[in-house]
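# got a structure for you, letters missing:
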């Protein structure tokens, strides 16, 4: 069996068998090798940089439209859901790491590399779907619930299947 799943078997030598063997708890896969760590970090940075860059671009665009007294400025309809979502998102990401490190007994031990690969693939597909949806919305996209005066229902891209707004 693998060393990270079971302690070292007892030795025939009585002196060696009396030593206590310290076994390390199972760690999250990105912390077990440089390759898995690099893959996770690259996927995380793709998501993080695109979200952070989007926030900056939206802020600049909104400021520009505000300074131009643009009559088509989106009217916010958000009642605090953006803040709740951001906090929950942060708790989910960092909480998962904390729990993985503090509760190694809860680790899924079956097919770890396969599950890691599926997780990274789903993460990247989610990022791509978000970019596709943002592109389909075009100038109507905002990071908060808002309606732009004169906005029509978008029926292109992923919104062929899901209504927006």
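Yep, that arrived. All of these numbers come straight from a predicted model, not from anything done at the bench.

# where does residue 109 land in three-state SS?
With DSSP: H, G, I helix; E, B strand; the rest coil as the basis, the three-state label of residue 109 is coil.

# low-confidence ranges, this protein, go.
The chain contains residues with pLDDT under 70 at 1-25, 71-79, 164-165.

# distance between the longest helix belonging to it and the chain's centre?
Taking DSSP state H as the criterion, the chain has its longest helix at helix 34-67. Using Cα atoms, centre = their mean, to the nearest Å, the mean C-alpha position of helix 34-67 is found 12 Å from that of the whole chain.

# helices or strands up against that helix?
helix 112-137 (3 or more Cβ pairs under 8 Å, 6 or more residues apart in numbering; DSSP states H and E). All C-beta atoms are positioned from the backbone trio N, CA, C, and that covers glycine.

# and the angle for the helix it packs on with helix 34-67?
Computed with axes from the mean of the first three to the mean of the last three Cα atoms, to 10 degrees, the direction of helix 112-137 lies at 20 degrees from that of helix 34-67.

# flag every buried residue along helix 112-137.
112, 116, 120, 127, 133, 134, 136, 137 (16 or more other Cβ atoms under 10 Å).

# which helices and strands sit right next to the helix or strand following it?
Towards the C-terminus, the helix or strand next in line after helix 112-137, according to DSSP states H and E, is strand 146-147. Secondary-structure packing of strand 146-147 (3+ Cβ pairs under 8 Å, 6+ apart): strand 75-76.

# quick revisit: name the nearest of the buried residues of helix 112-137 relative to residue 97.
Looking at the buried residues of helix 112-137 and their distance to residue 97, the nearest is residue 116, at 14.2 Å (Cβ to Cβ).

# with adjacent residues omitted, what lies nearest to that closest one?
Nearest residue to residue 116 in three dimensions, chain neighbours excluded: residue 29, at 4.8 Å (Cβ to Cβ, 6 or more residues apart in numbering).

# residue 37 versus the one you found, what's the distance?
The gap separating residue 29 from residue 37 is 9 Å, by Cβ to Cβ, to the nearest Å.

# of the two, which one has the most company?
residue 29 (21 against 14; other Cβ atoms under 10 Å).

# and the more buried one, what does it touch?
By Cβ atoms under 8 Å, 6 or more residues apart in numbering, the residues touching residue 29 are 36, 40, 112, 113, 116.

# do that again at 10 Å, thanks
35-37, 39-40, 100, 107-108, 112-113, 115-117, 119 (Cβ atoms under 10 Å, 6 or more residues apart in numbering).

# tell me how far it lies from residue 130.
Taking Cβ to Cβ, one finds residue 29 at 25 Å from residue 130.
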